[in-house]
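Colleague: I would like to see how this sequence folds:
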Amino acid sequence: MKLSKTTTVACANEARSTRRNAIASVASGRRQAMLGAAASTVVLLQSSRRQALADGVPRGFKPVKDTADGYAFLYPVGWQEVSVKGEDVVYKDVIEPLESVSVNIIPTEQSSVRDLGTKEQVAEAMVQKVLTPPGQKSKVLDVNEKQDGNGKTYYTFEYASQGPTYIRRALTTVAISNGKFYTLTTGANDRRW
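Modeller: Numbers count the residues shown, from 1 in each chain. Presented below is the predicted three-dimensional model:
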């Protein structure tokens, strides 16, 4: 595994967030909609990708597009932006605080997530060392790899972590572009997943 100490430490500062889907009312429908939205969420803004979110934001969502940092994603209407140290941006549900979406960006010398290891290695390292608080049991449930039209590789993984009074399910997408390691995390309490 080639995750550097700097990558692990910088991401660990606050890369612990979750998000829910505000559109679907049935748990399985919510999960499918959330997985679909999250799988297409991180869009590294390169010339051919700048309109990716503008061309069809699903009803019940709002777009976030940060051209300076080079990303875009969707979040449910009604969520509020909150400030979390170490995160570039975080939106949370005001009623269900475990439901949120966050983006973390750290500098890297790598040019692709493949430089960090296989999708399984990266998922396991991120879940065990970065995305889950110390002392919580966690398990990677699913791992996928996707390439966009420009050849950019994304790793997306679903995982569960057990806190003292809840089980959290989350979906994280990681990618590297222009010397930046992007981590987008979204999820919810297991009972709402």
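
Colleague: Below-threshold pLDDT in this structure: ranges please.
Modeller: 1-55 (pLDDT under 70).

Colleague: got the residue ranges for the helices in it?
Modeller: Shown for the chain, the helices assigned by DSSP state H span residues 5-12, 27-39, 119-126.

Colleague: Now do the last one: distance to the chain's middle.
Modeller: Taking the mean C-alpha point of helix 119-126 and that of its whole chain, the gap between them comes to 14 Å (C-alpha atoms, centre = their mean, to the nearest Å).

Colleague: just stretch 57-71 next, same as before
Modeller: Using C-alpha atoms, centre = their mean, the mean C-alpha position of stretch 57-71 is found 13 Å from that of the whole chain.

Colleague: can you offset everything so residue one is 54?
Modeller: Let's use 54 as the start, then, which means that last one is stretch 110-124.

Colleague: thought Glu152 was touching Asp243?
Modeller: No: counting by C-beta atoms under 8 Å, Glu152 stays clear of Asp243, with 11.7 Å between them. Where C-beta positions appear, they are placed from N, C-alpha and C, glycine not excepted.

Colleague: neighbours around Lys190, how many?
Modeller: Using other C-beta atoms under 10 Å, Lys190 has 10 neighbouring residues.

Colleague: Return the set of residues that bridge with it.
Modeller: Beta-bridge partners recorded for Lys190 (DSSP bridges): Gln215.

Colleague: What separation do you get for it and Gly240?
Modeller: Going from Lys190 to Gly240 by C-beta to C-beta, to the nearest Å gives 16 Å.

Colleague: So which of Glu152 and Asp243 has more stuff around it?
Modeller: Glu152 (26 against 15).

Colleague: since we're on Asn197, how many residues are nearby?
Modeller: Using other C-beta under 10 Å, Asn197 is surrounded by 15 other residues.

Colleague: Surely it is in contact with Thr209?
Modeller: Yes: Asn197 lies in contact with Thr209 (C-beta under 8 Å); the separation is 4.8 Å.

Colleague: what about the strands in this structure?
Modeller: For the chain, the strands defined by DSSP state E cover 114-119, 124-129, 133-135, 142-145, 153-160, 190-200, 206-215, 220-230, 233-242.

Colleague: Tabulate the ones you listed in a markdown table, adding columns for distance to Gln181.
Modeller: Below are the strands of the chain laid out as a markdown table (distance: least, C-beta to C-beta, whole Å):
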| stretch | distance to Gln181 |
| --- | --- |
| strand 114-119 | 28 |
| strand 124-129 | 25 |
| strand 133-135 | 26 |
| strand 142-145 | 22 |
| strand 153-160 | 17 |
| strand 190-200 | 7 |
| strand 206-215 | 10 |
| strand 220-230 | 13 |
| strand 233-242 | 14 |
